[in-house]
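J.: A predicted structure for the sequence below; I have some questions about it.
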Amino acid sequence: MPGAHTEPSPANPKILVIRRDNIGDLILTTPLIRALRQRFPKAWIGVLVNSYTAQVLDNNPHIDEVFVYTKVKHRGSASVWSAYWSTLRLILRLRRVRIDYAVLASPAASSKAQMFARRIKAKTIVGFGECASPGYGLTAGSAGPLHEVEEVFRIARLFEIEGAPPATLIHVDDRIAERALGLVTGKLPPGSTLIGVHISARKVSQRLPTEKVVELLRGLREIAPDLAFVLFWSPGASDNATHPGDDIKGSQILQQLGDFPIVPFPTSRLSELFGGLSTCEMVICSDGGAMHAAAALGKPIVCFFGDSDPKKWHPWGVPYRLMQPESKNVADISLAEIVNAFRNLRLGEAPVTADLQERDGFNFQPVH
């Protein structure tokens, strides 16, 4: 490994991967974690995450221990000092582990992550930018436009790991999957093909309007009568500053559809979302954590992009059709284009032609 000229590298190192940001970011880091486990079968591998994303790693077979801290904005009714005290105890606990490598897995160099790695007294800091120890640093974006999985996976070479990144991974507990399947299939016609539709997105520009969701589902049912739908959304009020929800939107969609083969599936916990997605054959959603979760579960995806970069954030490792209007506002995607993308994906047809992309201003990505 780099740095071996200064001190010997342990055969079975203690590695702490730090990924403190969002759900999708953590999911897209699981290929690196898997590769580290394959490279060091007997190593101790821990991961530090925030409480909002921790369930992404439930039952992950490549991890020995998950360390969870709570961001101040996610502390709920707990006091600010309680959150800080919890973080201090976590630091002291990790010091006792005697970490060999603290891997700062975000390509966006973070002074806070670097400070944490120093506070736990990690022997070597691995990551992007000036935060890394000598010989263990990478320059973000230096290899050209890469997917987030590929960018993060550049860290693997510092541990003498070659080859392409593997698939992302989420493990759904059998009991959760069975419960989700029971909730869904018990309310739908027998033998239905289940299509997941996730309507929540953090950015307004990435949300499909209520009326368009209703028309889309009716249109898909017309071309494929065997379809039934599972409607996912983040529960809560839309004006919640910390966790905005879509209860009103979900209720409006269900009310307008009336007697229609669709099951509401609001999810307050990530484990519930993962279980629900596992029941579906395909997923329709906007760019975000749910999209990356569906990809990690191996689901073909029709996805909508606003101002996010498709090259960096498209679904990883699964067939998909991606639409991004020139306006970068998902509301401007036509129903005909979504139905066309769905038909192409489901039937395995070739993507729409380049001249159609140019004419209508949509970014259709090829199947991966």
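T.: That came in fine, so what should we check first?
J.: Need the per-residue pLDDT for residue 3.
T.: pLDDT, residue 3: 46.
J.: and what of residue 233?
T.: On pLDDT, residue 233 comes in at 97.
J.: same check, this time on residue 203
T.: Residue 203 is given a pLDDT of 89.
J.: quick one: contacts for the nearest residue to it once chain neighbours are set aside?
T.: Leaving aside its sequence neighbours, residue 203 sits nearest to residue 306 (Cβ to Cβ, 6 or more residues apart in numbering; 5.7 Å). For glycine as for every other residue, the C-beta is placed from the backbone atoms N, C-alpha and C. Residue 306 makes contacts with 201, 203, 205, 206, 286, 287, 324, 328, 329, 330, as judged by Cβ atoms under 8 Å, 6 or more residues apart in numbering.
J.: name the element residue 306 belongs to?
T.: Residue 306 is part of no helix or strand when elements are defined by DSSP states H and E.
J.: and the gap between it and residue 70?
T.: From residue 306 across to residue 70, the span is 29 Å (Cβ to Cβ, to the nearest Å).
J.: same question, residue 223
T.: 46 Å.
J.: cool, and residue 221?
T.: Residue 221 sits 43 Å away from residue 70, going by Cβ to Cβ.
J.: do the same with residue 299
T.: Counting by Cβ to Cβ, the gap from residue 299 to residue 70 is 30 Å.
J.: So which of these two has more stuff around it?
T.: Set side by side, residue 299 and residue 70 show more neighbours around residue 299, with 22 against 19, by other Cβ atoms under 10 Å.
J.: Tell me if the more buried one really is in a strand.
T.: No: counting by DSSP: H, G, I helix; E, B strand; the rest coil, residue 299 is not found in a strand; it is coil.
J.: mind checking the SS state of the closest residue to it other than its chain neighbours?
T.: Distances taken as Cβ to Cβ, 6+ apart place residue 283 nearest to residue 299, at 4.8 Å, with adjacent residues excluded. Applying three-state DSSP to residue 283 yields a three-state assignment of strand.
J.: Residue 283 contacts residue 296, correct?
T.: No: contact criterion Cβ atoms under 8 Å: residue 283 and residue 296 do not qualify, at 11.3 Å.
J.: and residue 263, backbone torsions?
T.: Backbone torsions of residue 263, given as degrees, to the nearest 10, read phi -120, psi 130.
J.: ok, residues contacting whichever strand or helix holds residue 218?
T.: Assigned by DSSP H and E, residue 218 belongs to helix 210-223. When contacts are defined by Cβ under 8 Å, 6+ apart, helix 210-223 is touched by residues 195, 197, 199, 208, 227, 229, 249, 252-253, 256-257, 260-262, 284, 331, 335, 338-339, 342-343.
J.: again with stretch 323-330
T.: 201, 205-208, 286, 302-307, 310, 332-333, 337-338, 341, 361-364.
J.: Mind exporting the C-alpha coordinates of it to PDB?
T.: The C-alpha trace of stretch 323-330 is given here as PDB (Å, rounded to 0.1, in the frame of the first residue of the first chain):
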ATOM      1  CA  MET A 323     -35.300  11.400 -18.300                       C
ATOM      2  CA  GLN A 324     -34.100  14.900 -17.800                       C
ATOM      3  CA  PRO A 325     -35.900  17.800 -19.500                       C
ATOM      4  CA  GLU A 326     -33.900  20.800 -20.800                       C
ATOM      5  CA  SER A 327     -35.700  22.900 -18.200                       C
ATOM      6  CA  LYS A 328     -34.300  20.700 -15.400                       C
ATOM      7  CA  ASN A 329     -37.800  20.600 -14.000                       C
ATOM      8  CA  VAL A 330     -39.300  17.100 -13.800                       C
END
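J.: How about it, which residues are buried there?
T.: 323, 324, 325, 329, 330 (16 or more other Cβ atoms under 10 Å).
J.: quick revisit: now, the contacts of stretch 323-330 that are in strands?
T.: If you go by DSSP state E, these have 286, 302, 303, 304 in strands.
J.: quick one on the thing from earlier: are any of the contacts of helix 210-223 buried, and if so which?
T.: Using 16+ other Cβ under 10 Å, the buried ones in the contacts of helix 210-223 are 195, 197, 199, 208, 227, 229, 249, 253, 257, 261-262, 284, 331, 338-339, 342.
J.: Nearest to residue 188 among those?
T.: The shortest gap between residue 188 and any of the buried ones among the contacts of helix 210-223 belongs to residue 261, at 5.3 Å (Cβ to Cβ).
J.: Number of residues surrounding residue 60?
T.: 18.
J.: Looking at the buried ones among the contacts of helix 210-223, which two lie furthest apart in space?
T.: Greatest spatial distance among those (Cβ to Cβ): 261 and 331, at 25.6 Å.
J.: What ranges does the chain have for its helices?
T.: Assignment of helices within the chain using DSSP state H yields the ranges 23-27, 30-39, 80-97, 111-119, 148-153, 174-185, 210-223, 247-257, 270-278, 289-296, 310-313, 335-347, 354-360.
J.: closest to residue 235 out of those?
T.: Among those, the nearest to residue 235 by Cβ to Cβ is helix 247-257 (5.6 Å).
J.: ok and the closest one relative to helix 210-223, angle-wise?
T.: Helix 247-257 and helix 210-223 are oriented at 40 degrees to each other (axes from the mean of the first three to the mean of the last three Cα atoms, to 10 degrees).
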